[in-house]
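Student: test case, fold it:
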Amino acid sequence: MADQFDAIIIGAGQAGGPLSTALARAGWRTALIERAHVGGTCVNEGCTPTKTMIASARVAHLARRAADYGVQTDSVQVDLATVRGRKRAIVESFRGGSQRHIESTEGVTLIFGTAHFSAPYEITVQRNDGTQQTLSAPKIFLNVGARAAIPSLEGIEDVPYLTSTSIMELDSLPEHLIILGGGYIGVEFGQTFRRFGAHVSIVQRGDQLLGREDADLAAEFADMLRGEGINIALNARATRTWQQNGALYLEVESESASMTLRGSHLLVAAGRVPNTDTLNLAAAGIQADSRGFIKVNERLETNVAGIYALGDVNGGAAFTHIAYDDFRIVRDNLLHGAARTTQDRLVPYTVFTDPQLGRVGLSEREARAKGLNIRVAKLPMAHVARAIETDETRGFMKAILDAETGQILGAAVLGIEGGEIVSVLQMAMIGRVPYTAIRDGVFAHPTLSESLNNLFMTLD
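Tutor: Next up, the predicted model:
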């Protein structure tokens, strides 16, 4: 006989964890099933650990630049084992706090194990302690996330490649890190390990880094990384890899030539795949796309009534804050009678390179593809007083505006604290504040946000 619950949640990520306690507090008997660690990708493998390592890399970078500020230092050495220890401690603190909160919430049963459907509303769990359990509920929520995609590349199974998870467990510095993929993950790790002291090469199949961004931003970004000594190969397709005499080799072809890169480590950063392959979705009749992402409607419900997919697994924007908002949508609709949807939801994000890339809303390319009547405001960070004072002048600000209404349709800031500056513009978008109000607003001097005055004055 299956154990009966009001709700079953598979995955204790940034949607599943808070949903379990919210449902339990509302009187629902809730089972939360987690295969490995509470907190999901963000706490264990993504946001939290990567940003702690990026912080260490920035300290090393600033220490090497100390003379630029009139400060003399000795030679800079990075102890990667200590960096890793700091990362582990913070992850364990965040994870432990989340788990204790869940376990102390009356009405939540936390089960560690691997789950799959055995019927539309029935789940079988192979518990980590070796036992098996069957559960059923009229409401089931899937928050199983995604993992690194491993490309179909000759020889890849025979070399000790790294992923975004395993690279953070290194305790010694790579001599030469080759990164396959020039997306957000690839560039963050590329800059981080270059600042730690490794030689770094990025191989990108497309004609620019960060393929979803505007060409001018991607070009500026590439120049920034090259300026730190990172080798970047664009329009380059990896054809095979092998290991010989303790070194790794990657054969790369481009339109004009072919080359072989020799490195000590290979990081695969070629996208993500959903963790749906072990769920046995067919037993529940749940539809997924060709890549395995679960199809949902604007209320995050699958084609099977009462079964929902939240976070990365539904194929939407793969960000922690989006997964958390998925939780809020489901919570408000089920518990408070709301009618919230994902339609017209602003999707901000920050790439935590240094300087940061903060983005929200439409890019210039997207706006023009839609045929919108737009104006574009752009300001180099070299014209921002605070950036000059801190000697952080790389990058630029850019805003996309509706030419008729003056509303902000999107923005990108590649610059010091770019994510924070973009948040100011997002607030204006939420409040439907026209750009002229920001242009004429009084901001504290000298702050980075004050430069938004100047950004929009470029339109005068």
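Student: helix, strand, or coil at residue 339?
Tutor: coil (DSSP: H, G, I helix; E, B strand; the rest coil).
Student: what of residue 91?
Tutor: Under three-state DSSP, residue 91 falls in the helix class.
Student: number of nearby residues for it?
Tutor: 19 (other CB atoms under 10 Å). C-beta here means a position set from N, CA and C on the backbone, and glycine is covered the same way.
Student: make residue 1 into 9 and carry on from there
Tutor: Will do, 9 is the new start, and the previous item becomes residue 99.
Student: quick one: contacts for it?
Tutor: 51-52, 56-57, 60 (CB atoms under 8 Å, 6 or more residues apart in numbering).
Student: from residue 106, how far out is it?
Tutor: In this view, residue 99 and residue 106 are 11 Å apart by CB to CB, to the nearest Å.
Student: top strand in this structure by residue count?
Tutor: strand 116-127 (DSSP state E).
Student: strand partners (parallel or antiparallel) of it?
Tutor: Strand pairing for strand 116-127, using DSSP bridges, gives strand 38-42 (parallel), strand 130-135 (antiparallel).
Student: which one of these is the most hemmed in?
Tutor: strand 38-42 (a mean of 27; mean count of other CB atoms under 10 Å).
Student: so what touches that strand?
Tutor: With CB under 8 Å, 6+ apart, strand 38-42 has contacts from 11, 13-20, 24-25, 28, 31-32, 110, 115-121, 123, 131, 133, 143, 145.
Student: look up the closest residue to residue 24, ignoring the ones flanking it.
Tutor: residue 151 (3.5 Å; CB to CB, 6 or more residues apart in numbering).
Student: dihedrals phi and psi, the spatially most central residue of the chain?
Tutor: Geometric centre of the chain, nearest residue: residue 327, 4.9 Å, by CA atoms, centre = their mean. As for residue 327, its main-chain torsions (degrees, to the nearest 10) stand at phi -130, psi 150.
Student: and what of residue 270?
Tutor: Residue torsions, per degrees, to the nearest 10, at residue 270 are phi -110, psi 120.
Student: what are the ranges of the helices in the stretch 359-468 of the chain?
Tutor: 372-377, 393-397, 426-438, 443-447, 459-465 (DSSP state H, counting those that start in this stretch).
Student: can I assume residue 248 sits in a strand?
Tutor: Yes: per three-state DSSP, residue 248 lies within a strand segment.
Student: report the contact partners of it.
Tutor: Counted by CB under 8 Å, 6+ apart, residue 248 has contacts 161-163, 258-259.
Student: please tell me I have it right and residue 61 contacts residue 88.
Tutor: No: look at residue 61 against residue 88 with CB atoms under 8 Å: they stay out of range, at 9.2 Å.
Student: so for the two, which residue has more residues nearby?
Tutor: For residue 61 versus residue 88, the count of surrounding residues by other CB under 10 Å is larger for residue 61: 22 against 18.
Student: and that one, what element?
Tutor: helix 55-72 (DSSP states H and E).
Student: by contact count, what packs against that helix?
Tutor: Packed against helix 55-72 by the contact rule (3 or more CB pairs under 8 Å, 6 or more residues apart in numbering; DSSP states H and E) you find helix 88-111, helix 192-204.
Student: rerun at 10 Å
Tutor: Under the contact definition 3 or more CB pairs under 10 Å, 6 or more residues apart in numbering; DSSP states H and E, helix 55-72 sits against helix 48-52, helix 88-111, helix 192-204, helix 328-344.
Student: now those as CSV including mean pLDDT?
Tutor: As requested, the helices and strands packed on helix 55-72 are exported to CSV (pLDDT from 0 to 100):
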stretch, mean pLDDT
helix 48-52, 95
helix 88-111, 97
helix 192-204, 98
helix 328-344, 98
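Student: domains in this protein, by residue range?
Tutor: 11-155+281-344, 164-278, 357-465 (automatic domain parsing).
Student: contact partners for residue 216?
Tutor: 190, 222-227, 229-230, 240, 242-243 (CB atoms under 10 Å, 6 or more residues apart in numbering).
Student: mind running it again at 8 Å?
Tutor: Residue 216 sits in contact with 190, 223, 226-227, 230, 242, where contact means CB under 8 Å, 6+ apart.
Student: list phi and psi for it.
Tutor: The phi/psi pair for residue 216 (degrees, to the nearest 10) reads phi -150, psi 160.
Student: for residue 32, see how far away it is.
Tutor: Counting by CB to CB, the separation of residue 216 from residue 32 is 47 Å.
Student: same check on residue 160?
Tutor: Taken as CB to CB, the span from residue 160 to residue 32 is 43 Å.
Student: neighbours around the closest residue to residue 132 other than its chain neighbours, how many?
Tutor: Distances taken as CB to CB, 6+ apart place residue 126 nearest to residue 132, at 4.5 Å, with adjacent residues excluded. For residue 126, the neighbour count with other CB under 10 Å is 17.
Student: sorry, back to before: and the contacts of residue 216, which two are furthest apart?
Tutor: Using CB to CB, the pair of these lying farthest apart is 190 and 223, separated by 13.9 Å.
Student: buried sites along stretch 286-294?
Tutor: 287-289, 292, 294 (16 or more other CB atoms under 10 Å).
Student: residue 211: how many residues sit nearby?
Tutor: For residue 211, using other CB under 10 Å, the count is 25.
Student: then residue 27?
Tutor: Count around residue 27 with other CB under 10 Å applied: 30.
Student: hang on, it packs against residue 336?
Tutor: No: with contact defined as CB under 8 Å, residue 27 does not count as touching residue 336 (9.3 Å).
Student: looking at the helices and strands packed on helix 55-72, which is closest to residue 418?
Tutor: For the helices and strands packed on helix 55-72, the distance to residue 418 is smallest for helix 328-344, at 16.6 Å, taking CB to CB.
Student: compute the inter-axis angle for that closest one and helix 55-72.
Tutor: Here the directions of helix 328-344 and helix 55-72 differ by 150 degrees (axes from the mean of the first three to the mean of the last three CA atoms, to 10 degrees).
Student: residues contacting helix 328-344, please?
Tutor: With CB under 8 Å, 6+ apart, helix 328-344 has contacts from 21-24, 26-27, 30-31, 34, 48-50, 54-55, 147, 149, 151, 307-308, 316, 318-320, 322, 324, 346-350, 353, 355-356.
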